[in-house]
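A.B. asks: just to be clear, the model below is a prediction. Sequence and coordinates:
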Amino acid sequence: MNHDEIVSGLILELRRGTLILLVLSQLKEPMYGYNLVKKLQDNGIPIEANTLYPLMRRLESQGLLKSEWETSEAKPRKYYKITDDGLIVLERVVNHWNNFSQNVNRLLEDNNEK
Amino acid sequence: MKNDLIERYIYAVTKRLPQKVQKDISDELRTLIDDMLVERCGELVPEEKDIRVVLTELGTPEELYEKYNPDNKKCLIGSPYYSTYKYVLKIVMICTIFGIILANIISGIFDFSKSNSIENIVSSSATFIASLITNLIISVGVAFGFVTALFAFFYHKDIKIDTTSNLDSLPSVPKKNEKISKVDSIISIGISVIFLVVFLTAPQIFCIVMYNEFIPIFNLETIRQTWYIIVMFSVVGIIRDVVRLIEGRYSKKVMIITIIANVSSALLAIWWLADDKIINPNISKSMTSLFDENGQFMSNIFSNFQDFFLTIIIFAFMLDMLVTVFKCLKSKEK
């Protein structure tokens, strides 16, 4: 049995939803894509630019993020920021995450103690 | 050279994306690649090697395109249509192959019976095998394409063909006499395919041997000219039987499709046979002359062979329709 393959598949599934949560939570202040990649990586959340950029674009099309090109700097950059709708969604998902992760952790710890 | 590679990469990613986002994504990628190069090389001017590393890190253009592609229907036929598609395709394929082989064998026998020398038999065999292979390839291709295109259309237009997604609409388990036998439906599809193939490729099969001569029942030239009616006739039948096969029970849907299909088939038959030239005129003459001494009744039938034929067809369709409607209504009452 190839454990590595199964584990990486499971990790990918676990990451998918949490990444959206993280991206939304970090964009209360406007940030450009590569800046966010670096910030997440520095905080132990490795993410590829090729995942984050399309993801931000999708969140924008869902109305959770908005973007603006900043052309006053040397390099034109696209800054993303969370919308009001995004904030409402974020708050609810964060609540859910808190409850859910607490319960998951408690169950996992109970299991370890037995 | 450096810029060329980056631009080629960006172009490869964006060329198939919707026009309205192409420029935006290109600009975004250009800045991103530049940021990644700065991260890698700092103040130094990036070399070709650095660009290659950065672009490799970003993934192949195909991968990146897939991630940017907003179309969530990335396959031709996906869930929940795929399982039904596979099922229908299997049946249509079996029927097509079976029908083609059978039709070719019948037409082959017809050809062989005409050959009277060894050379003729050899050349008939060669023709037989060649036409069998050609017909198989063409019809399997057409059948596959037809079914695939139909389901791709259903999938991309979100046309509902299954009502089992909602708990309340789950159908009750059919009782034994409410079920439509799968074998019946498959045989029926097979017959439609055989009918289609035979009429399109070898209508001369239907013949009567008289005075050591094959007299085709149908007027071959007219049959060839009215090929589209034959195709419509078969397609209507096949659609009706595919619905019956998928439903698997006498339901309202089966009742409606049977009424529509049988009435239109009957109308097509009338359209087809109303033309006096469908039946070979020689056959009526020969038959009439043959039966002249034996009985007026048979002679009458053959002098009006076409009407007789049409009546039988219409009667068969109406009978099938009435039986189906009766069974559907009966199963609904319960």
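C.D. replies: Perfect, thanks for sending it.

A.B. asks: for the rest of this, base every contact and every neighbour count on C-alpha atoms.
C.D. replies: OK.

A.B. asks: show me which residues of chain A sit near chain B.
C.D. replies: A:Gly33, A:Tyr34, A:Glu48, A:Ala49, A:Asn50, A:Thr51, A:Pro54, A:Arg58, A:Lys75, A:Pro76, A:Arg77, A:Lys78 (C-alpha under 8 Å from any C-alpha of the partner chain).

A.B. asks: does the last one count as helix, strand or coil?
C.D. replies: Okay, so that is A:Lys78. strand (DSSP: H, G, I helix; E, B strand; the rest coil).

A.B. asks: which ones among the residues of chain A next to chain B map onto strands?
C.D. replies: The strands, defined by DSSP state E, take in A:Arg77, A:Lys78 from those.

A.B. asks: show me what the lengthiest helix in chain A is packed against.
C.D. replies: Ordering each helix of chain A by length in residues (DSSP state H) puts helix A:84-113 first. For helix A:84-113, the packing partners by 3 or more C-alpha pairs under 8 Å, 6 or more residues apart in numbering or on different chains; DSSP states H and E come out as helix A:3-26.

A.B. asks: nearest residue to the middle of chain A?
C.D. replies: A:Leu19 (2.5 Å; C-alpha atoms, centre = their mean).

A.B. asks: ok, so what distance separates it from B:Ile137?
C.D. replies: Shown here: A:Leu19 relative to B:Ile137, a distance of 50 Å by C-alpha to C-alpha, to the nearest Å.

A.B. asks: how many other residues sit next to residue 51?
C.D. replies: Here I'm looking at chain A. 15 (other C-alpha atoms under 10 Å in any protein chain shown).

A.B. asks: try again with chain B
C.D. replies: Count around B:Ile51 with other C-alpha under 10 Å applied: 20.

A.B. asks: per-residue confidence for whatever residue of the stretch 1-150 of chain B ends up closest to chain A?
C.D. replies: Closest contact between the stretch 1-150 of chain B and chain A, by C-alpha to the nearest C-alpha, is at B:Tyr68 (5.1 Å). Reported pLDDT at B:Tyr68 in the predicted model: 88.

A.B. asks: give the contact list for the residue in chain A positioned nearest to chain B.
C.D. replies: In chain A, the residue found nearest to chain B is A:Pro54; the distance is 5.1 Å by C-alpha to the nearest C-alpha. Applying C-alpha atoms under 8 Å, 6 or more residues apart in numbering or on different chains to A:Pro54 gives the contacts B:Lys67, B:Tyr68.

A.B. asks: got the residues of chain B near chain A?
C.D. replies: Selection of chain B residues close to chain A by C-alpha under 8 Å from any C-alpha yields B:Glu28, B:Thr31, B:Leu32, B:Asp35, B:Leu58, B:Gly59, B:Leu64, B:Lys67, B:Tyr68, B:Pro70.

A.B. asks: mind giving me the PyMOL select for these, buried ones only?
C.D. replies: The PyMOL command for the buried members of the residues of chain B next to chain A (criterion: 16 or more other C-alpha atoms under 10 Å in any protein chain shown) is given here:
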select buried, chain B and resi 28+31+32+35+58+64+67+68
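
A.B. asks: now, which of the residues of chain B next to chain A lie within helices?
C.D. replies: Short answer: the residues of chain B next to chain A in helices (DSSP H) are B:Glu28, B:Thr31, B:Leu32, B:Asp35, B:Leu58, B:Leu64, B:Lys67, B:Tyr68.

A.B. asks: pull the number of nearby residues for the nearest residue to the fifth one once chain neighbours are set aside.
C.D. replies: The reference is to B:Leu58. What sits nearest to B:Leu58 in space, not counting adjacent residues and going by C-alpha to C-alpha, 6 or more residues apart in numbering or on different chains, is A:Asn50, at 5.7 Å. Residues lying near A:Asn50 (other C-alpha under 10 Å) number 19.

A.B. asks: A:Asn50 reaches B:Pro61, doesn't it?
C.D. replies: No: between A:Asn50 and B:Pro61 there is no contact under C-alpha atoms under 8 Å: 10.3 Å.

A.B. asks: B:Ile106 contacts B:Ile205, correct?
C.D. replies: Yes: the criterion here is C-alpha under 8 Å, and B:Ile106 meets it with B:Ile205 at 7.2 Å.

A.B. asks: these two: who's more crowded?
C.D. replies: B:Ile205 (21 against 15).

A.B. asks: contacts only, for the more buried one.
C.D. replies: B:Ile106, B:Ser107, B:Phe110, B:Val198, B:Pro216.

A.B. asks: mind checking pLDDT for it?
C.D. replies: pLDDT recorded at B:Ile205 is 71.

A.B. asks: how close does it sit to B:Thr311?
C.D. replies: 22 Å.

A.B. asks: now swap in B:Asn219 and tell me
C.D. replies: 19 Å.
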